[in-house]
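turn this into a structure:
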Amino acid sequence: MILRIAPVLVACLSIASPADAYLDQGTGSMLVSAVLGVAAAVALAVKMFWYRLVGFFRGKRPAADK
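Got it, this is the predicted structure:
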């Protein structure tokens, strides 16, 4: 199914129309903030996964609430 959709998607994306757009000075800082936010979220997800993976192999179990 992807082999049928891919050529159509490539054809649609290859047709470019001119864009009358203006990027002001704040747009750059907004893009940097978005990239930093995504990087922080990915780093946190990797950190959480890493601790769970290490804990699984070491045999430590999380403390149960009593």
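
in CSV, list the C-alpha atoms belonging to the lowest-mean-pLDDT helix or strand in the chain.
Ranking every helix and strand in the chain by mean pLDDT, DSSP states H and E puts helix 2-14 at the bottom, with a mean of 84. What follows is helix 2-14, C-alpha atoms only, in CSV (Å, rounded to 0.1, in the frame of the first residue of the first chain):
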residue,chain,number,x,y,z
ILE,A,2,2.9,2.4,0.8
LEU,A,3,4.3,1.6,-2.6
ARG,A,4,1.1,3.0,-4.2
ILE,A,5,1.0,6.1,-2.0
ALA,A,6,4.7,7.1,-2.2
PRO,A,7,4.7,8.1,-5.9
VAL,A,8,1.6,10.2,-5.5
LEU,A,9,3.0,11.9,-2.4
VAL,A,10,6.3,12.6,-4.2
ALA,A,11,4.4,14.0,-7.1
CYS,A,12,2.3,16.3,-4.9
LEU,A,13,5.3,17.5,-3.0
SER,A,14,7.3,18.2,-6.1
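
check which helices and strands the very next helix or strand once past it sits against.
Sequence order places helix 25-58 as the next helix or strand after helix 2-14, per DSSP states H and E. Applying 3 or more C-beta pairs under 8 Å, 6 or more residues apart in numbering; DSSP states H and E, we find helix 25-58 packed against no helix or strand. For every residue, glycine as well, the C-beta is placed using N, CA and C.
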